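Q: Build the 3D model from these lines:
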Amino acid sequence: MTTNDRIADMSRTVYAWSAARTATAADAEDLSQEVLLEMLRAAPNLKEARAFYGFMWAVADNVYRGWLRKRRMQPALLEEAEASPDPADPFAAVEASEEIRLLRREL
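A: Have a look, this model is predicted:
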């Protein structure tokens, strides 16, 4: 079994690992794709087949750390995108402001 075959076999495991570290399925898919891509790129550097699992988890950990760094650098953009109402729905802004008013009242 080649290294690329092993990477393909481990794709479900990598996705499950990614899903355990992210909040949404979309984020898990993105992270697992980045991990698998980096594993394929780094596969020629693997000297011993016995070291595959250590190699796989080391790559996954490194990609995850980079993914977290990228997410930390863009929190304002993410919050703004999540908080902005849908421009196609004119009542979204009114509903959002009403919800904020109710939350402030309760606090």
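Q: got a list of contacts for whichever strand or helix holds Tyr64?
A: Using DSSP states H and E, the element containing Tyr64 is helix 52-73. Contact with helix 52-73 is made by 3, 6-7, 10, 14, 17-18, 21, 30-31, 34-35, 38-39, 42, 46, 78, as judged by C-beta atoms under 8 Å, 6 or more residues apart in numbering. Heads up, the C-betas are built off the backbone N, CA and C, glycines and all.
Q: Quick one: buried ones out of the residues you listed?
A: 3, 6-7, 10, 14, 17-18, 31, 34-35, 39, 42, 46 (16 or more other C-beta atoms under 10 Å).
Q: ok, so what distance separates the closest residue to Ile7 other than its chain neighbours from Ser32?
A: Excluding its sequence neighbours, the residue lying closest to Ile7 (C-beta to C-beta, 6 or more residues apart in numbering) is Met39, at 5.1 Å. Applying C-beta to C-beta, to the nearest Å, the value for Met39 to Ser32 is 10 Å.
Q: Give the residues shared as contacts by the two.
A: Joint contacts of Met39 and Ser32 (C-beta under 8 Å, 6+ apart) are Val14.
Q: Point to the helix or strand of this structure where mean pLDDT is at its lowest.
A: Taking mean pLDDT, DSSP states H and E as the measure, the helix or strand of the chain with the lowest value is helix 75-83, at a mean of 54.
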